[in-house]
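*Asks:* need coordinates for the below:
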Amino acid sequence: MSSWFKRKEKGIQTATEEKKDTPKGLWYKSPTGKIVEADELAKNFYVSPEDDYHVRIGSKEYFEILFDDNKFKEIDAKLTSKDPLKFEDTKKYADRLKAAQAKTGLTDAVRTAIGKSYGKDIVVCCMDFAFIGGSMGSVVGEKIARGIDYAIKKKLPFVMISKSGGARMMEAALSLMQLAKTSAKLAQLADAGLPYISLCTDPTTGGTTASYAMLGDINISEPGALIGFAGPRVVKEATGKELPEGFQTAEFVMEHGFLDFIVHRKNLKKKINLYIDLIQNIPVRKEEMKSA
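*Replies:* Model (predicted):
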């Protein structure tokens, strides 16, 4: 294999499951240099209180934020990827899958759950960057498709939380097929007249951006999230031009018309429910109006 396809680990990646119950005395340093105690960070929705930096979190934390009393039912939890191409580079794909599953406790890079949010049932698909960079393989596409099918069958709103480096290269064309597959399923959701809220988190890039992440009835993002197709370096080399300040941040993307709103993590639950009610023409409830 060409050295182009080899990856080097950068920094220290902490598995999502390890972040929740952090022992007292441990500290987190945000990119701006602010220091916060880990348990305080958890209580603040994993947002640094001094500089408002939104720390990357996974499906476990997002489900806790969105579902009433953190009660939900996960579907297709045991669905796992195969290795049909027998991909080998610095490490066999099958071995990388086993290592990612052991490290994260996840079966793949997305989880689908059904539960109540402000008393009404919703379907939430949430990606986990800790699992091979949130890469989109055939299982990711299949679980999203099945989540949409469930929403259509039960006539429920659908929420997609994207956090991904893009298509999973170890599955080649099988991965790229998921762009069309998930987009087609979202068209069926639209035909059924059901709301689709897309939440872009840091990072939302590559094939996810080119498909379901930007197809919401309402597209929202967390502050400061990286959103784009190709990375800034690739864009700069392709265009031969200097990139503007803040290029591919959520704020830049919204300014140029590709996002509807930027939502602070502490307001996610209320805002998402507000948008669902507006799409379905449901009178807004008092608890949603308080911080709308």
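
*Asks:* wait, a strand at R111?
*Replies:* Yes - judged by DSSP: H, G, I helix; E, B strand; the rest coil, R111 forms part of a strand.

*Asks:* ok, it - contacts?
*Replies:* Counting by Cβ atoms under 8 Å, 6 or more residues apart in numbering, R111 makes contact with 59, 63, 74, 77, 125-126, 128, 143. Quick note: C-beta positions are derived from backbone N, CA and C, even for glycine.

*Asks:* change it to 7 Å
*Replies:* 59, 74, 126, 128 (Cβ atoms under 7 Å, 6 or more residues apart in numbering).

*Asks:* select only the buried ones of those residues in ChimeraX?
*Replies:* The buried residues among the contacts of R111 can be selected in ChimeraX (16 or more other Cβ atoms under 10 Å) with this line:
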select :59,126,128
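
*Asks:* make JSON lines out of the contacts of R111 and add distance to I262.
*Replies:* Formatted as JSON lines, these follow (distance: Cβ to Cβ, whole Å):
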{"residue": "S59", "distance to I262": "21"}
{"residue": "E74", "distance to I262": "29"}
{"residue": "C126", "distance to I262": "19"}
{"residue": "D128", "distance to I262": "22"}
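
*Asks:* want to throw the contacts of R111 into JSON lines with pLDDT, distance to A99 and secondary structure?
*Replies:* Shown next, in JSON lines, are these (pLDDT from 0 to 100; distance: Cβ to Cβ, whole Å; DSSP: H, G, I helix; E, B strand; the rest coil):
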{"residue": "S59", "pLDDT": "98", "distance to A99": "19", "secondary structure": "helix"}
{"residue": "E74", "pLDDT": "98", "distance to A99": "22", "secondary structure": "strand"}
{"residue": "C126", "pLDDT": "98", "distance to A99": "22", "secondary structure": "strand"}
{"residue": "D128", "pLDDT": "98", "distance to A99": "15", "secondary structure": "coil"}
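
*Asks:* spell out which two among the contacts of R111 are the most distant pair, please.
*Replies:* The two members of the contacts of R111 with the most space between them (Cβ to Cβ) are E74 and D128, at 12.7 Å.

*Asks:* distance check, the closest residue to I282 other than its chain neighbours against N219.
*Replies:* Nearest non-adjacent residue to I282, counting by Cβ to Cβ, 6 or more residues apart in numbering: I276, 7.8 Å away. I276 is 14 Å from N219, where distance means Cβ to Cβ, to the nearest Å.

*Asks:* compare those two (neighbour count), which wins?
*Replies:* Set I276 next to N219 and count neighbours by other Cβ atoms under 10 Å: I276 wins out with 25 against 22.

*Asks:* output the contacting helices and strands for the helix or strand where that one lies.
*Replies:* According to DSSP states H and E, I276 maps onto helix 268-279. With contacts taken as 3 or more Cβ pairs under 7 Å, 6 or more residues apart in numbering; DSSP states H and E, helix 268-279 sits against helix 59-66, strand 196-204, helix 286-289.

*Asks:* so what does the second one touch, helix or strand wise?
*Replies:* Where contact means 3+ Cβ pairs under 7 Å, 6+ apart, strand 196-204 is packed against strand 158-164, strand 218-221, helix 268-279.

*Asks:* and what of the first one?
*Replies:* Using 3+ Cβ pairs under 7 Å, 6+ apart, the elements in contact with helix 59-66 are strand 110-117, strand 120-127, helix 268-279.

*Asks:* not counting its own residues, what contacts stretch 151-166?
*Replies:* With contacts defined as Cβ under 7 Å, 6+ apart, stretch 151-166 is touched by 62, 121-127, 129, 133-136, 147-148, 188-189, 192, 194-201, 203-208, 212-213, 272, 276.

*Asks:* pull out the buried residues from it.
*Replies:* For stretch 151-166, by 16+ other Cβ under 10 Å, it's 151-152, 156-166.

*Asks:* what's the answer for stretch 250-266, then?
*Replies:* Buried residues in stretch 250-266, defined by neighbour count with 16+ other Cβ under 10 Å: 250, 252-254, 258-260, 262-263, 265.
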